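A.B. asks: pasting the sequence and the predicted coordinates here, then a few questions.
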Amino acid sequence: MPWRKSDLNRPEQPGAHELAQYLESRGELSKPWNLQLLRLAKLKESRNQLSQEEYLSAIKDAHADLMRLGEFWKGREAEVFGGEYIPPEIIEPLPGSADDR
């Protein structure tokens with residue numbers, strides 16, 4: 001699927017490297033849905049180096065892996081889909097912060 005001119009009007013999203021740094025700084029790099037976001041960001045960056053068939057195959061693989069995560073989002077809908085973070089009952093410092101053990 002070729003890029004459309006309308007794609008240029010979309011707000012720029014962070015690249016895979018910036019996304020990985022952000023997730024790592026928040027201690028959220030190991031969450032499965034965040035790993036999928038990172039995977040898709042890396043795939044998007046490498047789109048020009050892949051044939052259409054390779055790209056489609058990679059997208060299908062990513063989709064299949066996402067579906068294998070199951071219903072991880074149950075009870076966390078606001079956080080996962082709405083971006084509304086609900087802090088846990090026990091507050092832990094962010095990894096790498098001054099308060100980290």
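C.D. replies: Alright, I've got the coordinates. Quantities reported herein were computed from a predicted structural model and do not represent experimental measurements.
A.B. asks: check which helices and strands the helix ranked longest in the chain is in contact with.
C.D. replies: For the chain, the longest helix by residue count, based on DSSP state H, is helix 52-68. On a contact count with 3 or more CB pairs under 8 Å, 6 or more residues apart in numbering; DSSP states H and E, helix 52-68 meets helix 32-45. The way it works is simple: take the backbone N, C-alpha and C, and place the C-beta from them, glycine included.
A.B. asks: same question for the helix it packs on, mean pLDDT?
C.D. replies: Helix 32-45 comes out with an average pLDDT of 89.
A.B. asks: try stretch 78-91
C.D. replies: For stretch 78-91, mean pLDDT rounds to 68.
A.B. asks: residue closest to the middle of this structure?
C.D. replies: With distances taken as CA atoms, centre = their mean, the residue of the chain nearest its centroid is L37 (1.8 Å).
A.B. asks: that one contacts L19, correct?
C.D. replies: Yes. Here L37 reaches L19: they are 6.7 Å apart, a contact under CB atoms under 8 Å.
A.B. asks: so F72: helix, strand or coil?
C.D. replies: coil (DSSP: H, G, I helix; E, B strand; the rest coil).
A.B. asks: what is the neighbour count of the closest residue to L29 other than its chain neighbours?
C.D. replies: Sequence neighbours aside, L23 is the residue nearest to L29 in space, at 4.4 Å (criterion: CB to CB, 6 or more residues apart in numbering). By other CB atoms under 10 Å, 17 other residues sit near L23.
A.B. asks: and L23, what does it touch?
C.D. replies: L23 makes contact with L29, K31, N34, L37, L38 under the criterion CB atoms under 8 Å, 6 or more residues apart in numbering.
A.B. asks: OK, contacts around the first one?
C.D. replies: Just to be clear, that refers to L29. L29 makes contact with A20, L23, L35, L38, according to CB under 8 Å, 6+ apart.
A.B. asks: distance check, the second one against A78.
C.D. replies: As defined by CB to CB, to the nearest Å, L23 lies at a distance of 19 Å from A78.
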